[in-house]
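Trainee: give me a 3D structure for the following:
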Amino acid sequence: MQNAQYNNDDKSRGYIYSIIAKNYEINDDYDKAESNYKRALTHARSSKSQILETDLYNNLARIYTKHNITRIKGVEHYIKSYEFALKLNDTSRMIRPLLNLGEYYIKRNDFDSSYEYLRPARRLINEKSSSIVKTKLNGLLGRYFLSVRRYDKSEEYIDKAISYAQHETKNKENNDEQISTYYEELASAFETKSELYRKQKDYKNAYNYQKKQHENVLKSKDFKKLTELQRANIKYEVDVIGEKIKKAESEKKESESEVLKWRISIILGIILILISLAFLISSYRNNIQKKRLNNDLIDKNKELISAKETAEQVSTLKSQFISTVSHELRTPLYGVIGLTSLLMENPDQKKKTEYLESLKFSGDYLLALINDVLQLSKIETNEVKLEKVSFDIRTLIEGIVNSLRTKQKSNNNSVHINIDQNIDTTLLGDSVRLSQILINLIGNALKFTKNGNIWVNVYCVEHNEDSYVLRFVIKDDGIGIPKSKQDTIFDNFAQVKNDNQEYEGTGLGLAIVKKLIHLHDSEIQISSEEGKGSKFHFDLTYEKAVKQKEQSFQTGESLSIGTSNFNVLIVDDNKINQIVTQNILKKKGYTCNIASNGMDAIEMVKSEKFDLILMDINMPEMNGLEATKVIRTFNSNIPIIALTAVEEGEVRNQALSVGMNDVIIKPYDTQQFFQSIMRNISKVKMI
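Mentor: From the prediction side, this is the model:
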C-alpha cells in the first residue's frame, strides 16, 4: 500500500482496497467491506481500470442485496457490472452478475424475473467455463423449472449441478474453502430435488434427498470450520509476530543512534563506489558504441559504393540494351517499309521477285528477334518450366536439320548426324527446350560455315535402368571464334564479326542456349580456333520412355490417308490474316470457308461438314475458347487447332482444357503448319 501511495498508483491502490474489503466480507463485517469496496471503486475510476470497476460493482451489489433497504441499489450495481463486462466483451465477467441476479430473484420467489437473467447466462456458458459457474447455473435453472412445474427439465438441470459439484469435491487442486462452497451447492441441489419429488408426491425419494441435503450441509460446515481454524491460526501468528516486532523495535531504538552513523558512512561509500562504477561503465559503453557506429558507417559506405557501381552498371546495360534492340528492330523494319514501297511502284517481274525475297528475309529476321527477346525475358523471370513428354531424338534432330535446309543450301554446307547405337531413341523430357538449343547451335554453325561440314553427334556418357546422360556435340569447320570473344560469346547481343564480312543475327541465340542448359542443371563448353572451326558440347539427362503409336503420325505430310482435298474452316476477325491463311491452304488444294467470329463459326459448323477448324483466340462477340466449348457440345470429333499470336505457354493449357486439339503460333513455318494439320486430321480419319 505504501509503494502504491508513494508512486501515486491508483490502479494498485484500487486492487489493495478490494482485497481488504473481501477479507472483511468473508468475516461478515459488511460495513467495513462496503467502505473499502467504495474506496477501491474511487481509485478504479481514477485509473480508468474498467475490469476492476466491473468486479467492484458486482462485489458491492452482493453487499447491498443482503439488506432490504439497499437491495434495489444492489440490483442496479449488478446491472452496471453486466453492462461494463458487455463493453469489455468479457464473457466470464458477464456471467457473474447474471447468475447473482438470477439467484437474487429466485430467493425472492420472483421466478419470471429470475429467468430473464438466467436465459442469457445459459447462452454465454460453454465447456471452457469454470465448474462453479456451471454448477450454480444448472442449480438455479433446476429451481426455476421446478417453480413453473416443468419437472423433467428441472430434474435434468439439478442432476447436472450435482454431477459438477460432486466431481469438484473430489478435486485435490481445490482448497478447503472451495470444497466447502461445492458442498453448499450440493446441499442446495439436493434440497431442490427433495422439493421436486415432494411436489410429485414421491415422499420416499423426497425424504432420501432431504437426508442428503443435511449430510452435505454438515460436510460444508466441517470444511468451513477448518477454514476458520486456519484463519484463527494465521491471526494468532500475526499477533505473535507483531509482539516480536514491537520488542525488536524497542531494543533497536537503544542502539539506533550509534548504528545510524555507521550506516550513513557505509551508504555514502557505496553511493560513491556506484557513481564511479556507473561512470566507468558509461565510458566503456560509449567507447564500444563509437567503435560500432564507426564500423557501421564503414560498412554502409561500402554498401553505398557497391550500390552506386551496380546502379551505374545497370544503367549502362539498360542503355546498351535499348540501343541494340532499337538498331536490330529498325534495320529489318526499314527493309520491310522500303521494299513494300518499291513493290507498290510495280517494278518489273525480276526485281519484284528479288524484293519479295528480301522482304521475307526482313520479316523472318524481325520475328526471330521478337521471339528471342520474349524467350530470354521468360527464362530470366523463371516463367519457363521443364516438361516431360515422350519424343524420338532421331526424329527431332532430323526435323531440325530439315527445317534449316534453306540456310544449309545458301552456304553450300553438309550436315552429318550421328546418334550412339546404345541409345534407345525414345526418351522422356522437354523436347521443345532441346529443339530451341539445337536450332540455335546448328543454325549458328550453318551461318558461320561456308562450303563446309557440320557434325551433330549424340553420345551416351552414362546410363542405368531408368535414364541416360547424353552428350550433345555440335561441331563445324567454319570461321571459328577468336580467343578474345570466347568469354563473352554467351552474353546478350554478343555477335562474332571478322574483317571480311558481317553476320546478321540478333545476338541472343547463344544467351538463350546457355540459360536453357542451366535449366537442365548443366553447362555448355566451347573449344574453338580461329579459321579452323568450333565445337560446342553439353550433357543432358533424359528418362527412358516407351515409344507411343502416336509418334507414327509425326512425319506429318508424308502420311497417306486417301485425299488432300480437305474442307477447312478459318475463324479469324483479321481480314489480312484471313487472306494469308486462305491462300496458303488453297496452294495445297484445300477448300476454305471463313468465319469472322465465334458466333458465325458455330452456325457454319452446324450447317456444313468440315475436316478441320483453324480457330483464332481473341475475337469480338465470341472468342475462340468460348466458341470451341459450344462446338464440343454437338461435335466432339472435328479437329480444332488454335491459330493465335499469343505465346504458346500462355494459351496451350486453356486451349486443351476447352476441347481444342493443338496450338499453332502465328507467324508459323509453313512446313510445320501443314504437318500439324495433317497430324490432327489423320488421328480422326484413323478412328
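Trainee: contacts, neighbours, all on C-alpha from now
Mentor: OK.
Trainee: residue boundaries of the strands in this protein?
Mentor: Listed in chain order, the strands of the chain (DSSP state E) span 389-392, 414-419, 426-429, 453-463, 467-476, 524-529, 533-544, 567-571, 591-595, 612-615, 640-644, 662-665.
Trainee: please point out which parts of the fifth one sit buried.
Mentor: To tie it back to what came earlier, the one meant is strand 467-476. Using 16 or more other C-alpha atoms under 10 Å as the test for burial, strand 467-476 gives 468-476.
Trainee: how about these in a markdown table, adding pLDDT and distance to Gln213?
Mentor: What follows is those, written out as a markdown table (pLDDT from 0 to 100; distance: C-alpha to C-alpha, whole Å):
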| residue | pLDDT | distance to Gln213 |
| --- | --- | --- |
| Tyr468 | 91 | 88 |
| Val469 | 93 | 89 |
| Leu470 | 93 | 92 |
| Arg471 | 94 | 94 |
| Phe472 | 95 | 96 |
| Val473 | 96 | 100 |
| Ile474 | 95 | 102 |
| Lys475 | 94 | 105 |
| Asp476 | 94 | 108 |
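Trainee: using TSV, lay out these together with distance to Ser92.
Mentor: TSV is the format used below for these (distance: C-alpha to C-alpha, whole Å):
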residue	distance to Ser92
Tyr468	70
Val469	70
Leu470	73
Arg471	75
Phe472	76
Val473	79
Ile474	80
Lys475	83
Asp476	86
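Trainee: Leu140: what's it in contact with?
Mentor: Leu140 sits next to 102-103, 106, 118 when contact means C-alpha atoms under 8 Å, 6 or more residues apart in numbering.
Trainee: no, scratch that, I was asking about Phe223
Mentor: Residues in contact with Phe223 (C-alpha under 8 Å, 6+ apart) are 176-177, 179-180.
Trainee: just the residues you listed now: which is nearest Ile584?
Mentor: Ranked by distance to Ile584 (C-alpha to C-alpha), the contacts of Phe223 are led by Ile179 at 97.8 Å.
Trainee: look up how far Asn402 lies from the residue nearest to the closest one when sequence neighbours are not counted.
Mentor: Excluding its sequence neighbours, the residue lying closest to Ile179 (C-alpha to C-alpha, 6 or more residues apart in numbering) is Thr169, at 5.3 Å. Distance of Thr169 to Asn402, computed by C-alpha to C-alpha, to the nearest Å: 94 Å.
Trainee: what do you get for Leu56?
Mentor: Distance, Leu56 to Asn402, by C-alpha to C-alpha: 94 Å.
Trainee: just Asn23 next, same as before
Mentor: Distance, Asn23 to Asn402, by C-alpha to C-alpha: 102 Å.
Trainee: follow-up on the earlier one: which two among the buried residues of strand 467-476 are spaced furthest apart?
Mentor: Spatial extent of the buried residues of strand 467-476 (C-alpha to C-alpha) is set by the pair Tyr468 and Asp476 at 25.5 Å.
Trainee: tell me how many other residues surround the closest residue to Cys592 other than its chain neighbours.
Mentor: Spatially, and ignoring its direct neighbours in sequence, Cys592 is nearest to Val568 (4.9 Å; C-alpha to C-alpha, 6+ apart). Neighbour count for Val568, taken as other C-alpha atoms under 10 Å: 20.
Trainee: wait, Val568 touches Leu612, no?
Mentor: Yes: assessed by C-alpha atoms under 8 Å, Val568 is found in contact with Leu612 at 5.1 Å.
Trainee: ok, Leu656 - contacts?
Mentor: Contacts for Leu656 (C-alpha under 8 Å, 6+ apart) come out as Asp662.
Trainee: likewise the one 5 residues further on?
Mentor: Contact partners of Asn661, counting by C-alpha under 8 Å, 6+ apart, are 639-642, 655, 680.
Trainee: returning to that earlier point: and of the contacts of Phe223, the nearest to Tyr144?
Mentor: Ser180 (24.0 Å).
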